[in-house]
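Visitor: For reference, the sequence and a predicted model appear below.
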Amino acid sequence: MTLTIWLSLFMVCLLGAMSPGPSLAMVIKHNLAGGRKNGIAVAWAHAFGIGVYAFITMIGLAVVLHNSPLVFETISLAGALYLAYLGINALRSKGGVAAKLESGEQVSVLQSAKEGILISILNPKIAIFFIALFSQFVAVGHGVGSKSIIVLTPFVVDGLWYTLITFLLSSPLFIDRMRAKAQLIDRLSGVVLILLALRVVFTL
């Protein structure tokens, strides 16, 4: 794999990670609910899910999904249901994440990691991303080294991007402002998640 091809892969993965969506909302939520360690847990659990998609694409599942609409629709519907579930929970929040902090209700690192990996594994947007864009790089990965780079690049890029977001959110001044808007963030996140779920369902 040449440096030019790798840079193209890197840019595609970075743009994919930077695009706003439920993953960013999840990182913000867990930073507020548990602090930096929870945000990092979400970041790298999410990155693990990205790595799983990269590996699956590498071994040819992207072709199977492309040629099997029923399989793809099943995965998309599962993702839509999970997004809707997260959205409804956010809308039902009584006082935002700030209320949980004030009442002593903390989110464990394990719970944060669990939600981080689920939001990546069950997000149909990520499946579409890998099928439509990432698969084009698989053809250039002939050796074990090239294949490893293709799988590790999106994993590392995603983990580092959300780790950076976590550190920015963890600054005392920034986090205090975010806590003040926690309930609004919950409501907006809920609406966005439900709209994303509906979009997936109606575009199947």
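Guide: Right, received. Where do you want to start? Numbering: from 1, shown residues only.
Visitor: So which bits of the top helix by length along the chain are buried?
Guide: The helix spanning the most residues in the chain, taking DSSP state H as the definition, is helix 144-169. Along helix 144-169, the positions that meet the burial threshold by neighbour count (16 or more other CB atoms under 10 Å) are 146-147, 149-151, 153-159, 161-163, 165-166, 169. C-beta coordinates here come from the backbone N, C-alpha and C atoms, glycine included.
Visitor: next one: stretch 32-40
Guide: 32-36, 38-40.
Visitor: what about that stretch, start to end distance?
Guide: Distance between the two ends of stretch 32-40: 12 Å, counting by CA to CA, to the nearest Å.
Visitor: residues contacting residue 30?
Guide: Residue 30 makes contact with 38-39, 41-42, 107, 112, 115-116 under the criterion CB atoms under 8 Å, 6 or more residues apart in numbering.
Visitor: Where does the residue at minimal distance from the centre of the chain sit: helix, strand or coil?
Guide: Centroid-nearest residue in the chain, with CA atoms, centre = their mean: residue 23, separated by 3.6 Å. Following DSSP: H, G, I helix; E, B strand; the rest coil, residue 23 is assigned to helix.
Visitor: from memory it sits against residue 46, does it?
Guide: Yes: at 5.8 Å, residue 23 counts as touching residue 46 under the criterion of CB atoms under 8 Å.
Visitor: Look up the residues that both of those two are in contact with.
Guide: When CB under 8 Å, 6+ apart defines a contact, the residues bordering residue 23 and residue 46 alike are 119-120, 162.
Visitor: picking that back up, the contacts of residue 30 in strands, which ones?
Guide: Helix and strand membership here follows DSSP state E; of the contacts of residue 30, not one is in strands.
Visitor: which of those residues are buried?
Guide: Burial of those was assessed by neighbour count (16+ other CB under 10 Å); the buried members are 38-39, 41-42, 107, 112, 115-116.
Visitor: Including distance to residue 84 and pLDDT, could those go into TSV?
Guide: Below are the buried ones among the contacts of residue 30 laid out as TSV (distance: CB to CB, whole Å; pLDDT from 0 to 100):
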residue	distance to residue 84	pLDDT
38	23	89
39	24	88
41	24	93
42	20	92
107	21	70
112	21	86
115	15	87
116	18	89
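Visitor: Narrow the residues you listed to those in helices?
Guide: Using DSSP H, the members of these that fall in helices are 38-39, 41-42, 112, 115-116.
Visitor: For the residues you listed, which two are the farthest from each other?
Guide: Maximum pairwise distance in those, criterion CB to CB, is 11.7 Å, between 39 and 115.
Visitor: And residue 70, how close does it get to residue 76?
Guide: Residue 70 sits 11 Å away from residue 76 when distances are taken as CB to CB, to the nearest Å.
Visitor: which of the two has more neighbours?
Guide: Looking at residue 70 and residue 76 with other CB atoms under 10 Å, you find the greater number of neighbours at residue 76, namely 22 against 7.
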